[in-house]
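Engineer: sequence and predicted model, in that order:
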Amino acid sequence: MSEPIEDARQLSRRTTPTWEVELLISGVAVFAMLQLPGWLDDRMSALAPRLGDEWLAVLRLAYFYAKSAAVVLATTFALHLLLRAQWIALVGTHSVYPKGIRLDRLQMGPIQRAIEEARPDSTTDAIERADNRASIVFAIGVSVALIFGTICIGFCGTLLIATAATRMMGWDVDPLITMCVVFGIFMVPFGIASWLDHQFGARLRADHWVRRLIDAQMRFYTRIGMGRRNNHVVAILTSNGGERKMMAVLVGVMLAAIIGVVVADLLARDGSRFGSYAQFPASSRLAIRPAHYADQRDPASELLEPFVQSAVITDPYLQLVVPYRPNRDEAAMRETCPMHSSGRQGEALAVARLACLQALHPVTLDGKLVEELRYDIASDPRSGRPALLAMIDLRDLPRGRHELRIGRPARAGRKQDKDNPDPGYDAIPFWR
């Protein structure tokens, strides 16, 4: 027994008319989208050390949303190419063997044969399902990426404006909290109007003032892009594929992308989080960090930590570079040295600020304060970020292990961790 022979030399009339464009977009864009997350990581690593906590919050939100959109698009295009390849294979196989599946030539028992023959499933149906499946996956992925993009532009843009406004006006408030309050004020009326519409809309007369108020609110939110038909693709998918089912898919894809980006970020910061390292000793004070040595550090991804030229020092002088950390130094300078810089300009202001930074970053060598320490204004030679430079004389230092400790101010607005308190310094072991 075989399937009824149909014209297999041409595509079905019900084939998605955009299949060629879908393949073109996926084939061209998949390689760019696969590289985009790494590019965003590099930009984040380059910008984050230059910003204080307030601006860093805006950058991190934009980074997570943008990377989530990039991951969704990369996954969508790769999966779409795979599904389209399956569809092409079905179409090609059907053109070679137009009779389809010939069950009489397959070995199976009588019960299974009866079950297979009773299934009204032809190769043409399988081709149509594969075609539809690829188009729906393409539509879902692009729609989720557009949602991420809209949230990134709207939410992060508003947070950026709120942060700039609070800084300009000198308000001592968290811009993120301000943004959440404004967002709540904006969304609560929409939620109330939607709930009233569902509960009482059918029972309200056309001329009732409550109905007119709900109507006015819903029209306003629809005009600004919050109507059900504003995202036409999502509206078509939810209205034809089942609202709960499609919304679960959309939300699931968004959550999977966000969780994946967050987990990847955590693993990038601390590789020991992944693997069977439960019994390996973990201590930030006892660990030797590559970030503290110029010949080992990665300036594109390492945090802003002081560093010396190498773990083994053969030079007569130790070259200590202390990067300027806005999230620590800026607030500490305002609190500790406001009088030193008031009323000064030009070189006098620079000298006062340099003296303030020197007071914030004292240095001890093997437990003894380096009395003749002098910082100069410099920059990280590989990243170009502002830094302090000190040359410490080691000519009289004996051979062996030594430890340099560089004082640092606490991060503004951060509570001390009782289990892992901030020691208030960066320790750099080195050997002569």
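Structural biologist: That came through fine. Numbering: from 1, shown residues only.
Engineer: when you work out contacts or count neighbours from here on, use the C-alpha atoms and nothing else.
Structural biologist: OK.
Engineer: ok, which stretches of the stretch 301-432 of the chain are strands?
Structural biologist: For the stretch 301-432 of the chain, the strands defined by DSSP state E, counting those that start in this stretch cover 317-323, 363-365, 368-369, 376-379, 386-393, 401-407, 425-431.
Engineer: okay, the ones you listed in a markdown table with distance to Gly38, mean neighbour count and mean pLDDT next?
Structural biologist: Converted to a markdown table, the strands of the stretch 301-432 of the chain look like this (distance: least, C-alpha to C-alpha, whole Å; neighbours: other C-alpha atoms under 10 Å; pLDDT from 0 to 100):
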| stretch | distance to Gly38 | mean neighbour count | mean pLDDT |
| --- | --- | --- | --- |
| strand 317-323 | 25 | 21 | 92 |
| strand 363-365 | 37 | 20 | 92 |
| strand 368-369 | 43 | 12 | 91 |
| strand 376-379 | 26 | 15 | 89 |
| strand 386-393 | 25 | 18 | 91 |
| strand 401-407 | 33 | 17 | 92 |
| strand 425-431 | 29 | 20 | 91 |
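Engineer: closest one to Gly170 among those?
Structural biologist: Proximity to Gly170, assessed across the strands of the stretch 301-432 of the chain by C-alpha to C-alpha, is greatest for strand 386-393 (25.5 Å).
Engineer: doesn't Leu23 make contact with Phe81?
Structural biologist: Residue 81: Leu, not Phe. Yes - applying C-alpha atoms under 8 Å as the test, Leu81 and Leu23 come out as touching, 6.8 Å apart.
Engineer: how about the helices in this protein?
Structural biologist: Along the chain, the segments classed as helices by DSSP state H run 19-47, 53-96, 110-118, 123-151, 157-169, 175-200, 209-221, 232-241, 243-269, 331-336, 338-341, 346-360.
Engineer: the more surrounded of Leu81 and Leu23?
Structural biologist: The neighbour comparison of Leu81 against Leu23 (other C-alpha atoms under 10 Å) goes to Leu81, with 21 against 18.
Engineer: now do the same contact list for the more buried one.
Structural biologist: 23, 26-27 (C-alpha atoms under 8 Å, 6 or more residues apart in numbering).
Engineer: and those, which is closest to Gly260?
Structural biologist: Gly260 lies nearest to Ser26 out of the contacts of Leu81, by C-alpha to C-alpha, at 21.8 Å.
Engineer: count the residues that sit near the nearest residue to the closest one once chain neighbours are set aside.
Structural biologist: Spatially, and ignoring its direct neighbours in sequence, Ser26 is nearest to Phe77 (4.7 Å; C-alpha to C-alpha, 6 or more residues apart in numbering). Taking other C-alpha under 10 Å as the criterion, the count of residues near Phe77 is 26.
Engineer: what's the spacing between the closest residue to Glu117 other than its chain neighbours and Leu40?
Structural biologist: Excluding the flanking residues, the one nearest Glu117 by C-alpha to C-alpha, 6+ apart is Leu103, at 7.6 Å. Note on Leu103: its distance to Leu40, by C-alpha to C-alpha, to the nearest Å, is 53 Å.
Engineer: same check, this time on Phe64
Structural biologist: In terms of C-alpha to C-alpha, Phe64 sits 9 Å off from Leu40.
Engineer: these two: which has the busier surroundings?
Structural biologist: Legend: neighbour count by other C-alpha under 10 Å for Phe64 and Leu40, higher for Phe64 (22 against 16).
Engineer: look up how far Ala70 lies from that one.
Structural biologist: From Phe64 to Ala70 the distance is 10 Å (C-alpha to C-alpha).
Engineer: circling back: what's near enough to touch the residue nearest to Ser26?
Structural biologist: Contacts for Phe77 were tallied using C-alpha under 8 Å, 6+ apart; they are 26-27, 29-30, 138.
Engineer: likewise for Ile236?
Structural biologist: By C-alpha under 8 Å, 6+ apart, no residues touch Ile236.
Engineer: with Thr314 as the reference, measure out to it.
Structural biologist: For Ile236 relative to Thr314 (C-alpha to C-alpha), the value is 70 Å.
Engineer: now Gly92
Structural biologist: Here Gly92 is placed at a distance of 70 Å from Thr314 (C-alpha to C-alpha).
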